[in-house]
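*Asks:* sequence and computational prediction follow.
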Amino acid sequence: MTITNDSEFKSAIAKLPRAGQRQVGARFAESVLALCKDARVKHAIATAMRADTTEDELAAALDSAKKASVDSFTLCGKECDWNSQAGHFVAEAALACLKSGTTPAWDAAMHARMARTSESIATGQGTENAESAAQYRILTAFLKA
Amino acid sequence: MNHLDLLTFARGSAMNWALIIFVAGIVLRLFEIFGLSRKQDLARPRTDSPGSGWRTMFTRSIPPQGMLKREPVTYIGGYVFHLGLFLAIFFFAPHIEFFRSITGLSWRALPSALVDASVVAAIVALFVLLAHRLNNPVKRMLSGFGDYLAWTVTLLPLLTGYMAYHHLMLEYTLMLSLHIFSVELLLVLLPFTKLFHTFSVFVSRWYNGDFYGRKGVAS
Amino acid sequence: MSATLAKGINAFKEVIDTPIASYFSSCVHCGLCAEACLFHNETGDPKYTPIHKLEPLRRVWKQEYTLLGKLGKMLGLSKPVTDEELTEWEPLVYDSCTMCGRCSMVCPVGNDITYMIRKMREGMSASGHAPEDMKGATKRAIEIGSPMGIKWPAVQAQIKHVQAETNIEVPVDKMGADYLVLMSSMEIINFPEYLSAISRIFKQAGVSWTLAPDAFEATNSGIQIGSSDLAREIVSRIVVAAERLKVKCVISPECGHAFTAIRWEGPNLMGKPFGFEVKHILEVLDELHAAGKLKTKGKDKRPLTYHDPCQITRRGGVVEQPRRLLGSVAEDFREMPDAGVMNWCCGGGGGVSANSRAEPLRLEVFKVKKRQIEATGVHTMITACANCRIVMEEGLEHYHMKVEVLGLTELLAEYLVEGE
């Protein structure tokens, strides 16, 4: 099956078990990892991607993703730097796939797209991006594997 | 001048002057406040809350949740002092006689023993509050000469009144004169010290109640 | 516009009105306001006593507007307000006051101390004694249109993102819509969930609404720093857009001070009553809910609590609405101690979170929120202010507490009945 739009994307994700959602969500986050300089995020994503992680490892990864996310929030009234905001959304994406939400992979995908959007605002190069298409490919490949 | 002459002076021209300064002072201070004016609030109030300002004039006497426990000395001391002073001023038979002589109005007095007790309670409360003022870091920082002056001139009428009533220390006529002088001192200073809150408290509480009333927050 | 001491003193003189004169006249130095203050309560330092923060303003009142004070000034008996003194007072007026209004609820003589702090900031900023970070935020709000430097293209990018996510068109510049929706920079930058939730809820409820490219920002740095001229400039953008689009109502977002700025200060800054209504998003959602237009399904099983943002609850009167809304989607809703109009501030309101210098103090005073949350035993906290939300996220992280913070609008959208 090849995914080509958001509704197929969403329903394919919904069919995945919890662990599968985590792993594919982490792949969405990894796809925008270049936008984030925080080593904690990189490590959290790497942990979430693996199929053989323990509960303790996941809990530790969740903790560090959370820390990275809070550290990178832009406070009210501070000047926004969209490059670091992109990094914040990568951390949010990592956090989303580790959290106990109802749709972790979808949430991670949305945050990853916001990371890409933030990047395009920072560079001033329009707001079009191909992140959703990239996510369709990632999911298609993940389902085939 | 013998003691009787002194008493006549205290009751006569001294009292007249004190009352004139007191009334003129109050009028001046109210004029200073209301002369500043206030812009009309153009934001539509959440609900029509008529009387929120008037209600707050009274409801602010009740401590908000949790506050009594946090500052029991201030609240309880404050209640005891204000109530004791109020009873002594307005419900002691000779005082009612004084008010009748200048306004023509009179009302029933409380038994002297009860007034006596409330005076003692008010004096004790004043000392407790003073000790608290000196010990509490916030109150100590806020307090200056004006605060201790206000405390002293409030204490004096209570103390001299108590001593005159019980014929303590000085000869009665002399003590009574001192009591009246102390009241005159209080009257003269009241408009110009923080004792003026006796009057302005109703104004400030009204504005606060009006503000919160317009926002729809019961006050 | 250069700031000088003379301008500051002049501004002090201008802001003193009958209520302020009555407040200063009534203060008996009882110190109870200190007990109500977050900053005094958590540090124990008497300098954080709310009425003390107003000392320079009080002296100007006394020297200028009382006979005795004027005499004292003529005879050289009273100390004039100096630049050095205002420098010393700057952290008291800005860093350690969130204008949360708790002291105003407690003062036994009824002094609205918060109102006075708001007014005092006019003189502080006119004399150049406002924190640098807040000056920057205000400058960006005037020059760029947002205190955080957000421009419309960033909002467009978010709209695009939300449209892709929800498959719902976000209306822009729609003439004659019922509601003009405002956002805070915080929601644009950090919480795309808000716009997405609004889109879904409003679609379901059949609400006609719009965004406006010339008035998307609801926050008002002019009010936080204390400059009515700049605050008026910022509010006027919203008024112009609301009148241009002929909307019936402007919706203030999940932000505390934005609500105070446009709902309560707005008409006074503009010098005329608005021709449209202003409501907080929670009021609108509550009305939709009462009218049966906001249907939800299922309940959140997590035990959760609600943090009342000061400007929305205590200073804004939106008290019951969030509780009714939460009642419809929460199975185990628990109130914090002192919840409602006596709730404790998150510590970051009134411009404090924008002020880097205040950060250590802000984290220190978060202890009270920590105790409040611990008393409920929950791990999920709902609020209705994006600033409270981030300030609390930081505080929670600082104290290693595992508590998730969510916006109420976003929570409701999770349980929305869609596609009927």
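*Replies:* All right, it came through fine.

*Asks:* okay, CA-based contacts and neighbour counts for the rest of this
*Replies:* Fine.

*Asks:* who touches the residue in chain A positioned nearest to chain C in this structure?
*Replies:* Per C-alpha to the nearest C-alpha, A:Glu79 is where chain A lies closest to chain C, at 4.3 Å. Applying C-alpha atoms under 8 Å, 6 or more residues apart in numbering or on different chains, we find A:Glu79 in contact with C:137, C:147-149.

*Asks:* ok, those residues vs chain A, which is closest?
*Replies:* Using C-alpha to the nearest C-alpha, the contacts of A:Glu79 come closest to chain A at C:Met148, 4.3 Å.

*Asks:* number of nearby residues for residue 102?
*Replies:* No chain was given, so I picked chain A. 11 (other C-alpha atoms under 10 Å in any protein chain shown).

*Asks:* if you could check chain B rather than the one you did, that'd help
*Replies:* 8.

*Asks:* may I see the buried residues of the helix or strand hosting it?
*Replies:* In this structure, B:Ile102 sits in helix B:93-103 according to DSSP states H and E. Across helix B:93-103, burial judged by 16 or more other C-alpha atoms under 10 Å in any protein chain shown covers B:93, B:96-97, B:99.

*Asks:* quick one: the very next helix or strand once past it to helix B:93-103, angle?
*Replies:* Counting by DSSP H and E, the next helix or strand C-terminal to helix B:93-103 is helix B:112-135. If you take axes from the mean of the first three to the mean of the last three C-alpha atoms, to 10 degrees, helix B:112-135 sits at 90 degrees to helix B:93-103.

*Asks:* so what does the helix or strand just after helix B:112-135 touch, helix or strand wise?
*Replies:* Downstream of helix B:112-135, the first helix or strand assigned by DSSP H and E is helix B:137-142. Packing partners of helix B:137-142 (3 or more C-alpha pairs under 8 Å, 6 or more residues apart in numbering or on different chains; DSSP states H and E): helix B:112-135.

*Asks:* hmm, back to that, so which of the contacts of A:Glu79 is the closest to A:Arg22?
*Replies:* C:Met148 (33.3 Å; C-alpha to C-alpha).

*Asks:* nearest residue to that closest one in space, please, no chain neighbours.
*Replies:* Of all residues not flanking C:Met148 in the chain, A:Glu79 sits nearest, at 4.3 Å (C-alpha to C-alpha, 6 or more residues apart in numbering or on different chains).

*Asks:* let's verify the one you found: helix, strand, or coil?
*Replies:* Secondary structure, DSSP: H, G, I helix; E, B strand; the rest coil: A:Glu79 is coil.

*Asks:* report the closest residue of chain A relative to chain B.
*Replies:* For chain A, C-alpha to the nearest C-alpha, closest residue to chain B: A:Cys76, 25.0 Å.

*Asks:* any idea whether that residue is helix, strand or coil?
*Replies:* coil.

*Asks:* got the contact list for it?
*Replies:* C:148, C:185-186, C:351, C:353-354, C:387.

*Asks:* with respect to C:Thr313, which of the contacts of A:Glu79 is nearest?
*Replies:* Of all the contacts of A:Glu79, C:Thr313 sits closest to C:Pro147, with 23.8 Å by C-alpha to C-alpha.

*Asks:* in stretch C:316-330, which residues are buried?
*Replies:* Those would be C:316-319, C:321-323, C:325-326, C:328-330, for stretch C:316-330 by 16+ other C-alpha under 10 Å.

*Asks:* which of the contacts of A:Cys76 fall within helices?
*Replies:* Judged by DSSP state H, those include C:185-186, C:387 as members of helices.

*Asks:* excluding covalently adjacent residues, which one is nearest to the most centrally placed residue in chain B?
*Replies:* Centroid-nearest residue in chain B, with C-alpha atoms, centre = their mean: B:Thr198, separated by 5.0 Å. Spatial nearest neighbour of B:Thr198, chain neighbours left out: C:Ser26 (8.0 Å); criterion: C-alpha to C-alpha, 6+ apart.
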